[in-house]
Each structure stands twice: as C-alpha cells, then as structure tokens.
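A.B. asks: Attaching a predicted model along with its sequence, questions to come.
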Amino acid sequence: MYDQSCQNNIDTAMTIFFRSFFAVLTMFLIGLQAQSAELCLSADKRCTEWVSMGEGPQRGLVYRTHALTEPQEAIQRAVIVIHGQGRNADGYFRHALAGGFLSDALKETLILSPRFASNEGRNCRDKLDVNEVGWICLGPESWRSGGEQATPSEKKVHSFDFMDSILTLLSDRKNFPNLRSIVIAGHSAGGQYVSRYQMANDIHEKLKNEKNIQLTYIVSNPSSYTYTDVLRPTRSATPATISALAPGYVPVAPSPPPPPFATFNDAKGCASFNSWPYGIENKVGAVASMPNDVLKKNLATRPVTFLLGELDILPLYGFDSSCAAMAQGPTRLARGFAYVRFVNETYQSNHAAIMVPACGHDARCMFTAEKSLPYLFLR
C-alpha cells in the first residue's frame, strides 16, 4: 500500500538536499568571483600571467596584482613598470607595490610588470619558458629600443608589440569597465624603453578616442635619449641651480657661455651619435619604417614626465659611456634636464622634468619617493 507520508518525507529531504546543494554552489561561485578580484601581492609565480603576442604562440610573462582576463570592476587605473637591464620584473613589481601602498591606491589600481627576457649575450642568460619570447639584450636592436625578438619564429615580433598586447588587454571594457588611466613607467633601461615607446606606438590615440583611457608615460633615469636632430647639449643646457656634473668636477665657466644646444662637433669621430636609438637616423626594429615626422609629433604631443634622481651623477649601474651617449651630457641627471629642455624648446612642448631628492640610480627610491607618487598613481 502506498505510503503518502513516506513520499512526503522523501520530497522534503530532496528539497532540502537541492537547496543545500545550490546554496553551496552559489557560495562557491561567489568565492571564485571574489578570489578573481583579490589583490595578488606576491612577486612569484602566484602573481604571474602569460600575455600572447600577435597571432602565433609567442608570449611574454607579466607580474600583476589582478587577473587580466577576468572582470575587474573596481580597477580605475593601471600602472605598468618596466625593469632595467637586469630584467628583474619581480623586483620592479615589488617597487610598484610599495608605491601603491604608500599612495593608498592598491584597491583601485592594477599594477603590472612585464619581463623582457633575454638569453643571448654574455650577461643575458634568462631561462626561457615554452614559447616565451627572448629579446636582444644590447645594441640598437635591443628590447629597450623596440628591437626584434632573438628567438626563432616564423613571424617576428618587436618589443613594442609586447606593450601593445598588454594595453589591448587592459582596454577590454568587458573586463575593465571602469579603467580610466594607464601609466607606463620605466627606470634606467626601462626608462629608455618608455621614452622610445612613447614616440613610436600607434595605440595611444586609439585608447583615448575609442576607449576614453588616458595613457601617460614616466621616464626615469635612462642613460640615453633619442634626439631628433644633430644638436646636442652644452654646459648651458642644464639649469644653474642643478648640480648635475660628476662629483669633484668643477669646470671653468666659458665667457660668454655657449648656447644651450649646438651642432655636435665630433660627428666624424663618433659616427653613431645620431643613429637609432641615440637619434633618428638608421632606424631599426619597430621604428625602421616609421616617418621621422610621426616620431617628432608623438614626442612633442604625448604626455610624458621625466623623473630624475638628484644623486644620479655617477657612472655606475650600466651607465652608457659610449661617445654617442656622452654627447648627450656627462651624467644621467645632466642628460635628463638637457633633453627635456631640448624637446620643450624645439617643439613648444610642456614636458616636466622633476628632480627627485636624495635618490641616485635606484628604482625603489625613485618609485616610492613622495615627489614621484602623484605622477605614478594619478588622482
């Protein structure tokens, strides 16, 4: 005989089971969503992600605080930091995390640091993962100047393509609906990369016009810059209030003082002084076919701030002492102030040269200094 009360008990049990199951499932999914939006603050594999370049299998490694392919509604700004010649993206990730903490900006800021790995040359022996792009380490075609990859591939990519791929991910409104600004900051060799990427990329205006994302650049303590003509700085190019010469060097002041910029007088003895990346002749890599007028226009009009360490006046830590670099000034500090003056006076630009007190050639000092934070973590 059919027992209705037994059936009712079974129905009740099943109802409780399914309600419990769906409650647990809902909590699990909510947990996954919360986990995807959580800050990742470890400079190790837990906070890394691969970014594909082009249509092929080539890829590059990045350290990041948030996943790049999942919805991140809280993110309003992104800060991308580029390492120096040591290619220690993990260390630069830590520098930027420290700056974000000091700025109280970690909750709404995506911090990201890409690694430009290299396994060619005596001093560049990074271990490359499967399909990881390896870049040229030194010279005009190095990663810091938009050079082509060194690893074999049917279709080559340039180091600027890596940044293009990162920016394309960040501009995806499905995952970053509230992102409004991106800062690309580089120190030392990374500063060279940023200064030349600022001149050469073709994504800047697209982000602004199509995505309403403001892209700005920070160039910090590079050893060299890209001049757009044959003029080079004299002693008069550096402000009299800045002690930019090497310690202990007291030059005899000429009378009358020379103009701040003059035609380089040793072009025969230093034939490379105006070749890429020191100038815009004999261009290679990503800029090989770019018109000079486009490079000049981008240099003049795109927003860039130069952060220069007050104590970066020693020929240490990869200082470029080639004749082409020495033509730009005796120290990194002198070269920075001279270059900003050159660009502003030549193109009526308004780029800022900010001297960061008590910092030498030290990325941690530069990216956590009180004077630097407002430029890195825009408010």
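C.D. replies: Cool, got the structure.
A.B. asks: Count the residues that sit near the residue lying closest to Pro114 once chain neighbours are set aside.
C.D. replies: Of all residues not flanking Pro114 in the chain, Val62 sits nearest, at 4.6 Å (CB to CB, 6 or more residues apart in numbering). (C-beta placed from N, C-alpha, C; glycine too.) Applying other CB atoms under 10 Å, we find 22 residues neighbouring Val62.
A.B. asks: What strand or helix carries Val62?
C.D. replies: strand 59-64 (DSSP states H and E).
A.B. asks: Show me the contact partners of that strand.
C.D. replies: 40, 43, 47-53, 68, 89-90, 93, 110-117, 129, 131-133, 162, 165-166 (CB atoms under 8 Å, 6 or more residues apart in numbering).
A.B. asks: Off-centre distance for that strand?
C.D. replies: The chain centroid and the centroid of strand 59-64 are separated by 13 Å, computed with CA atoms, centre = their mean, to the nearest Å.
A.B. asks: likewise stretch 52-71?
C.D. replies: The answer for stretch 52-71 is 15 Å, by CA atoms, centre = their mean.
A.B. asks: Then stretch 157-174?
C.D. replies: Here the centre of mass of C-alpha atoms in stretch 157-174, compared against the chain's by CA atoms, centre = their mean, lies 12 Å away.
A.B. asks: Also stretch 275-291?
C.D. replies: Here the centre of stretch 275-291 is set off from its chain's centre by 20 Å, with CA atoms, centre = their mean.
A.B. asks: With stretch 340-353 instead?
C.D. replies: That offset, for stretch 340-353, works out to 21 Å (CA atoms, centre = their mean).
A.B. asks: now the helices for the stretch 151-300 of the chain?
C.D. replies: Under the criterion DSSP state H, counting those that start in this stretch, helices of the stretch 151-300 of the chain are mapped to 159-170, 189-200, 204-211, 292-301.
A.B. asks: and the last one, what other elements does it pack with?
C.D. replies: So the one you mean is helix 292-301. helix 189-200, helix 332-347 (3 or more CB pairs under 8 Å, 6 or more residues apart in numbering; DSSP states H and E).
A.B. asks: Report the angle between it and helix 189-200.
C.D. replies: Calculated by axes from the mean of the first three to the mean of the last three CA atoms, to 10 degrees, helix 292-301 forms an angle of 120 degrees with helix 189-200.
A.B. asks: tell me the mean pLDDT for the helix or strand following helix 292-301?
C.D. replies: Next along the chain after helix 292-301, taking DSSP H and E as the criterion, comes strand 304-309. Regarding strand 304-309, the rounded mean pLDDT is 98.
A.B. asks: Strand 304-309: how far from the chain's middle?
C.D. replies: 13 Å.
A.B. asks: Run through who's touching the helix or strand following it.
C.D. replies: Using DSSP H and E, the next helix or strand after strand 304-309 towards the C-terminus is helix 323-326. For helix 323-326, contacts defined as CB under 8 Å, 6+ apart pick out 223-224, 266, 269-270, 272-275, 278, 335.
A.B. asks: Can you mark which positions in helix 323-326 are buried?
C.D. replies: 324-326 (16 or more other CB atoms under 10 Å).
A.B. asks: now that helix, how far from the centre of its chain.
C.D. replies: For helix 323-326, the distance to the chain centre is 24 Å (CA atoms, centre = their mean).
A.B. asks: Number the residues from 39 up from this point.
C.D. replies: Sure, I'll start numbering at 39, so the last one becomes helix 361-364.
A.B. asks: For the contacts of helix 361-364, point out the one with the lowest pLDDT.
C.D. replies: For the contacts of helix 361-364, the pLDDT minimum is Asp304, 91.
A.B. asks: these two touch, right, Val342 and Ile256?
C.D. replies: Yes - using CB atoms under 8 Å, Val342 makes contact with Ile256 at a distance of 7.3 Å.
A.B. asks: Report the set of residues contacting both of these two.
C.D. replies: Val232.
A.B. asks: Look at the two and report which has more neighbours.
C.D. replies: For Val342 versus Ile256, neighbours defined as other CB under 10 Å are more numerous around Ile256 (29 against 22).
A.B. asks: I'd guessed that one sits against Leu346; true?
C.D. replies: No - counting by CB under 8 Å, Ile256 does not reach Leu346; the two are 11.1 Å apart.
A.B. asks: Which stretches in the chain count as strands?
C.D. replies: In the chain, strands defined by DSSP state E lie at 86-90, 97-102, 115-120, 147-152, 219-225, 252-258, 269-271, 299-301, 342-347, 390-394, listed in chain order.
A.B. asks: which neighbours does the third one have in its sheet, and in what orientation?
C.D. replies: If you go by DSSP bridges, strand 115-120 pairs up with strand 147-152 (parallel), strand 219-225 (parallel).
A.B. asks: Now tabulate those in a markdown table and tack on mean pLDDT, mean neighbour count and distance to Phe139.
C.D. replies: Below are the strands paired with strand 115-120 laid out as a markdown table (pLDDT from 0 to 100; neighbours: other CB atoms under 10 Å; distance: least, CB to CB, whole Å):
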| stretch | mean pLDDT | mean neighbour count | distance to Phe139 |
| --- | --- | --- | --- |
| strand 147-152 | 98 | 27 | 10 |
| strand 219-225 | 98 | 25 | 16 |
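A.B. asks: Of all the ones you listed, which one is nearest Ala188?
C.D. replies: strand 147-152 (16.5 Å; CB to CB).
A.B. asks: contact partners of stretch 267-279?
C.D. replies: Contacts for stretch 267-279 (CB under 8 Å, 6+ apart): 282, 289, 291-292, 295-302, 305, 311-312, 317, 365-367, 372-373, 375-377, 379-380, 384.
A.B. asks: Just the C-alpha atoms of it, please, in PDB.
C.D. replies: What follows is stretch 267-279, C-alpha atoms only, in PDB (Å, rounded to 0.1, in the frame of the first residue of the first chain):
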ATOM      1  CA  ASP A 267      68.300  66.400 -35.000                       C
ATOM      2  CA  VAL A 268      72.000  66.900 -34.900                       C
ATOM      3  CA  LEU A 269      72.000  69.400 -32.000                       C
ATOM      4  CA  ARG A 270      73.500  68.300 -28.700                       C
ATOM      5  CA  PRO A 271      73.600  70.000 -25.300                       C
ATOM      6  CA  THR A 272      76.300  72.200 -24.000                       C
ATOM      7  CA  ARG A 273      77.000  73.100 -20.400                       C
ATOM      8  CA  SER A 274      74.400  75.800 -20.600                       C
ATOM      9  CA  ALA A 275      71.600  73.300 -21.200                       C
ATOM     10  CA  THR A 276      71.500  72.300 -17.500                       C
ATOM     11  CA  PRO A 277      69.900  74.700 -15.100                       C
ATOM     12  CA  ALA A 278      72.400  76.600 -13.000                       C
ATOM     13  CA  THR A 279      70.600  75.600  -9.800                       C
END
